[in-house]
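Colleague: Got a predicted structure here, sequence first:
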Amino acid sequence: MSQVPVLEAKGICKYFGGLKAVENVDMQIQKGDVFGIIGPNGAGKTTFFNMCTGIYAPTKGEIFLQGENITKMTPDKIARKKMARTFQNLQLFKFMSVLDNVKIGCHTQTKTNMADAILHTKRYKRDEKYAVEKSLEILESIGLIDYKDTMAGNLAYGMQRKVEIARALALDPVILLLDEPAAGMNANETDSLREFILMLNEKGYTIAVIEHDMKFIMNSCNRILVLNFGQKLCEGTPDEIKSNKDVQEAYFGKGIVAGEAVKVNG
Amino acid sequence: MQKIKDFYNKYKVIILLVLFVIMAVIPFLGIETLYIRYMCNIMMYATLAGSLNAINGYSGQMCLGQAGFFAIGAYTGAALSKNFGVSFWLLLLVGGLLAMLIGFLVSLPTLRLSGIYLSITTLGASEIIRIIAQTWTPVTGGTMGIKQIPYPEFFGLDMFRPQYYYYIFLFLLVLFLFVTNRVLKSRVGRAWMSIREDQIAAKSLGVETSFYKSTNFMYGAFWAGVIGVAYAPFVNFIDSTQFTTDVGFNVLAMVVLGGQGTLVGPILGAAVVTILTEALRFLESWRYVIYALLLIAMMWGRPQGLVGASKSMLAGGKIKVKEDKAKAKAEGGSAK
Amino acid sequence: MGYILNQLLNGICQGSIYALMAIGYSVIVGVVGMVTFAYGEVMMIGAFSAYYIFIYVGNNLPLAILAAFAGSFIIGIVIYKLCYERFFTAPRHISLLCTIGISMLLKNLAQIVFGPETKPVLNVVSNKTFNINVFGSTLNIRLLQIVIIVLVIVLAAALTLFFNRTKYGIMLRAVSQNKDASYLMGINVKRTALLGNCIGCGFGGIAGILLGIYYFSVSATMGSAYSMKAFAASVLGGLVDIRFSALGGLCIGIIENLGIVFTAATFRDIFAFAFLILVLIFRPQGFVSKKGARV
C-alpha cells in the first residue's frame, strides 16, 4: 500500500465548546476500499464526516484528499475535488424531479454561465447534453430510470436514498461518503442497498460508510474504524473488529450482538 | 390542470405564437386608451413581479426591497434622459446595470445572512435608496421629484402615446420571460433552485452558493432596474413616494398571489392585482380594505398562489401540509 | 456642545420609546416564531385607543396607557387568528404576507373610521422644562421626557418580572425556546403563543401612545415609519432577545438624533437602517453573541 490514500485524516479534533465531539482521529482510506465507520450514538461519526466534507472546520488536525490538503476548504470546493456525500437525514431536493436532482449533481462537471444559458452557446448545448446523458446513465444503472420525472419527495424512502446516492455519483467522485444509508430501511431494502454498494465498489468507486446496522457493515466493508466518545477505538478488517475486546465492550455491550453478527456473516 | 399542461406542452410553439400575435394586435383594435394604459400597467408590474420572483421564487431568498432596485432604474433613466438627453434604449441597459451593481452591494451582507435577516437588510436597503432619492435634490429633485421626463424615441418617432408604451412593455416582458426561461432551464437556474431547496446539500454537490445567491440577486435587480427605466417616462413624473416599501410589498403580493416559482404566476398576479385595484375604484378608500381581505383569504385558501403547484417547496410542501391538516383536525378543525 | 447634549437627551428619550417598541416586537417574534409587518398598525391602534380616552375622559395618562394596551391587545388576538394560528408549519412568507395584508387592512380601515387627518394630542403632560447646567452648557430636560423614560423603564421591569416570576411568563419563555418540547410538557402552545402575541402587541400599543404624546399627534398612517424602526431595533437585538432589542432601540434613537447634528434633519431615517446594515455585516446575528436566534 505505497500509494497515496484517497482520503486521509491526521489527528483531527472537533470541540463544541467543552464537548470533545471528535478527538484525535486518524484514518486512511485506500483506493477501492469500502470503509466502514461505526460507533454508538453520539460517537462523533457524522461530525467526522462533516469535517471531511468541509461543513465543519476541524479544531485541530488536517485532512487530505488524494494527498491534497483540504482542511480549510469550503464544501463546494471539496465537492469540486470530487468528494461526494449523502446525508443522514436525506437532504434531497424534494420538490424537484429525480432527473433534476441528479442533474444538479453534474454541476461541478459543467461550466455553463448565464451568458451561455441566455444565448444557447455551444458550451450550453454540450453541458446540457452531458448532464442529461450522464444523469440518465446513472439512473439507468441504479434502476431509477422509470422514476426520472417523479418528484423526488414522492418516492419511497429506500428509493430516495438511492436518488441521493445517484446525485452524489453524478459528481464523478473519487470517494463517496455515505452517512447512514440504511437508516429507516427495512431488511429487504437494506439488503438491496448492500448489494448496490458492493456493485458500486466493483465498478471502482471508493466508498466510506457510516452505519449502525452491524450486519450491514460487517458484510460490506473491508476495513472498519470504530469510534467511541469521539475517539478512535480501533481500526481493522471486520474479523479483527469482531474479535476486539474494547469494541465488544463499548459497542456490543456483552458480545450478544456481535455473536449475532458473526452468525449472520458465517 | 394536468390536461392543460399536456396540451400546452404539445402545442407549445403554436400557443405562444398565437398569444403573441393577439398581444401584438390589441392596440389596433380601437380599444380605449385608458384600457391600453391598464394593459401597460399590467405588463410593467408583471415584469417587476417576475424580477422579484426570480429571486424569491427560485433561489428562495426572501427579498423585500424590490422597490429600491425599481427606484434606481427609474431615477437613473429620468435623470440621465432629462439632463443629458441619453437615449432611452441605452438607458434601459444603464439603469439595469446600475441596479445590478446595487443589487450586488446589497447581496454582500446578505450572503452571510439568511431568512428574516436577509429580508430586513433588503428592506433597509430599499428604504435607504428611497430616502436618498428624497433628499439628494440636485439629482433626484428631492421631494419635488422629476417632472416631464422625455419620451423614448424610436427611429425619430416620439413614443408618447400609451399604444407605443404598450409595445415597449410587451417587448420587455417577452424579453424577460424568454431570457429567464433560458436561464432557469440551465445549470445556473438549477443551481438557484438547489439553493432554494436545500442549501447544505447544494454546497455538498459543489454549487458555490454565495456566488449563485449573489448572481441571483443581481439578476433580479437588473430586471427591476430595466423596468424602472421604462416606468419613468411612462408616468412622466417620479418622486420618492412612488417607491415606498408598500410598493415593494404590493409587488411581493403579486408574486405570491400568482404563484412563486412559476413564470406565469407573477404575470397573473400582476393582472389580478391591477385589475382589482382598477375595478374596485368605485369603492374609493374601501378598495384597499377589500384588497387586503382578498390577500388574506388567498393565503388561507390557496397559499401557493393561483398557478403554483400544490406540491412545491413554496406551498409548504406536501408532507408538511398533511401534518398541518392532521393537527388541525385533531384540534377541532378550526382550519376549515 | 449644549446642542449635542440636548440631542443626546432627545435620543435617549426617543430611543426608550423605540426600545419599548422593540421589546414588544421581540416578544411577538420570540413567542410566535414569526415576524410581523402589522406592528406599526398595532401601535397606531394603541395610540388611537388612548387618544379617545383623552377626548372623552380627559387627560388621564394611566387610563390612556391601559386603554392603549387593551386596544392593541385585542387587535393582537385578531392578528394571531388571521396570520399565525394556521401557519406555524407553513413557509414563512405566507404568514408574512398575511401580516402585510392585515397592515393594509388596518391602515385603510383606520383612515375610514378615524379619519385621514392628523389629530393633535396636547397637554397630556405639562410643558414644564428643567434647565440644568452641565459642563457650562445648558441641558433642557422636559418633564415629558422624564415621564416617558421612567414609564419605559417601569414597563420593561414589569415585563421582566412577569417573564421570570409568573407561571405564564415561564410558559411563554418555554414556548419561545422550543414549541414541540413545550407541547409535550403539557403547555397549550397555541394559547400561550396567542398570549405572547397579545402582550407584544400591547407593548406596541403603549409605545404608540408614547409616540403620540412625544410628537403631540396621532394619525392613521403613523405606523409604517415606526414599525420599520421597531423591526430594525429588534433585528439589532437578534430578534428574540428582549434585553438586546431594547438596547437596539435605544441605540437607534440616539444615533438618529446625534446623526442629524452632523447632517440635515431629512437624513434622520437613513441612520437607523445604515446602522442596522453595518451591524449586520459584522455581526449577522445582531448584538446577541449566541447563535440561538431561531427565526
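Modeller: Happy to help now that I have it.
Colleague: Tell me if A:Cys234 really is in a strand.
Modeller: Yes - according to DSSP: H, G, I helix; E, B strand; the rest coil, A:Cys234 belongs to a strand.
Colleague: quick check: domain ranges of chain A?
Modeller: Annotated domains of chain A cover A:1-82+A:173-266, A:92-172 [automatic domain parsing].
Colleague: can I get those domains in a markdown table with distance to B:Ile238, mean pLDDT and mean neighbour count?
Modeller: For the C-beta atoms, the positions are set from N, CA and C on the backbone; glycine is no exception. Formatted as a markdown table, those follow (distance: least, C-beta to C-beta, whole Å; pLDDT from 0 to 100; neighbours: other C-beta atoms under 10 Å in any protein chain shown):
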| stretch | distance to B:Ile238 | mean pLDDT | mean neighbour count |
| --- | --- | --- | --- |
| domain A:1-82+A:173-266 | 42 | 81 | 18 |
| domain A:92-172 | 30 | 87 | 19 |
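Colleague: Of the ones you listed, give the one that comes closest to B:Met218.
Modeller: Evaluated over the domains of chain A, closeness to B:Met218 peaks at domain A:92-172, with 9.5 Å, by C-beta to C-beta.
Colleague: Turn the domains of chain A into JSON lines, columns for distance to C:Phe54.
Modeller: Shown next, in JSON lines, are these (distance: least, C-beta to C-beta, whole Å):
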{"stretch": "domain A:1-82+A:173-266", "distance to C:Phe54": "53"}
{"stretch": "domain A:92-172", "distance to C:Phe54": "54"}
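Colleague: Nearest to C:Glu85 among those would be which one?
Modeller: domain A:92-172 (25.3 Å).
Colleague: Write out the residues of the stretch 1-150 of chain A neighbouring chain B.
Modeller: Within the stretch 1-150 of chain A, the positions near chain B by C-beta under 8 Å from any C-beta of the partner chain are A:53, A:55, A:74-76, A:79-80, A:84-85, A:87, A:91-96, A:100, A:103-108, A:110, A:112-114, A:116-118, A:120, A:124, A:127-128, A:131.
Colleague: nearest to B:Gly265, of the domains of chain A?
Modeller: Per C-beta to C-beta, nearest to B:Gly265 of those: domain A:92-172, 15.2 Å.
Colleague: Tell me which residue lies farthest from the centre of the chain.
Modeller: Reading this off chain A. Distance from the C-alpha centroid of chain A, by C-alpha atoms, centre = their mean, peaks at A:Leu119 (37.3 Å).
Colleague: Sorry, I should have been clearer: chain C.
Modeller: C:Gly136 (35.6 Å).
Colleague: show me what contacts it?
Modeller: C:Met1 (C-beta atoms under 8 Å, 6 or more residues apart in numbering or on different chains).
Colleague: if we go to 10 Å?
Modeller: C:Met1, C:Gly2 (C-beta atoms under 10 Å, 6 or more residues apart in numbering or on different chains).
Colleague: That one and C:Gln7: what is the separation?
Modeller: Relative to C:Gln7, C:Gly136 is positioned 17 Å away (C-beta to C-beta, to the nearest Å).
Colleague: what do you get for A:Asn50?
Modeller: Distance of A:Asn50 to C:Gln7, given as C-beta to C-beta: 51 Å.
Colleague: cool, C:Lys81 as well?
Modeller: 43 Å.
Colleague: more neighbours, those two?
Modeller: For C:Lys81 versus C:Gln7, neighbours defined as other C-beta atoms under 10 Å in any protein chain shown are more numerous around C:Gln7 (17 against 13).
Colleague: any idea which element the more buried one lies in?
Modeller: Taking DSSP states H and E as the criterion, C:Gln7 maps to helix C:2-32.
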